[in-house]
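Student: For reference, the sequence and a predicted model appear below.
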Amino acid sequence: PEVIGELYNLHHGATFGLSHGLLPWQGGLAMTRPAPRAPEVDKLYFVGAGTRPGNGVPLVLMGAGLTSQLILDDLKISSKVPS
């Protein structure tokens, strides 16, 4: 509703993330959502329903794993669990 949009400044999305339209400016599919690493700001990462791979608990958890791996790689930290 317009009241919620105005209250929370949600011009292109819903209260829990980007809208679910098929076109990129509507929130789009996974490939049109923001990447887990910000290209403009060094060491700024994103994870959640509004980023790749997308919304829903399984995909958000998958995104958390992918973003965690990006962070470890950028910090040159091994992701192998010691045995």
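Tutor: Looks like it arrived, so ask away. Being a predicted model, the structure only gives us computed values, none of them experimental.

Student: Okay, E40 and E6: tell me how far apart.
Tutor: 28 Å (C-beta to C-beta, to the nearest Å). Heads up, the C-betas are built off the backbone N, CA and C, glycines and all.

Student: Which one of these two is surrounded by more residues?
Tutor: Just comparing E40 and E6: by other C-beta atoms under 10 Å the higher neighbour count belongs to E6, 10 against 5.

Student: wait, is L61 part of a helix?
Tutor: Yes: counting by DSSP: H, G, I helix; E, B strand; the rest coil, L61 is located in a helix.

Student: Would you mind listing the residues in contact with the residue nearest to Y45 when sequence neighbours are not counted?
Tutor: In space, Y45 comes closest to T67 once its chain neighbours are excluded; the distance is 5.2 Å by C-beta to C-beta, 6 or more residues apart in numbering. Residues in contact with T67 (C-beta atoms under 8 Å, 6 or more residues apart in numbering) are 36-37, 45-47.

Student: pretty sure V47 is touching R37, no?
Tutor: No: between V47 and R37 there is no contact under C-beta atoms under 8 Å: 10.4 Å.

Student: quick one, helices of this protein?
Tutor: Chain-ordered helices for the chain, with DSSP state H as the definition, fall at 2-7, 57-74.

Student: Quick check: which of those helices is buried the most?
Tutor: For the helices of the chain, average neighbour numbers computed from mean count of other C-beta atoms under 10 Å are highest in helix 57-74, which has a mean of 14.

Student: Now do the contacts for S68.
Tutor: Residues near S68 by C-beta under 8 Å, 6+ apart: S79.

Student: Correction: the previous question concerned Q69.
Tutor: Taking C-beta under 8 Å, 6+ apart as the definition, contacts of Q69 comprise S79.

Student: burial measure for P53, as a count.
Tutor: Burial measure for P53: 16 neighbouring residues, criterion other C-beta under 10 Å.

Student: Model confidence score at it, please.
Tutor: Predicted confidence (pLDDT) for P53: 84.

Student: Y8 now?
Tutor: At Y8 the predicted local confidence, pLDDT, stands at 62.

Student: List the contacts of R52.
Tutor: For R52, the residues meeting the contact criterion (C-beta under 8 Å, 6+ apart) are 30-31, 33-36, 63, 66.
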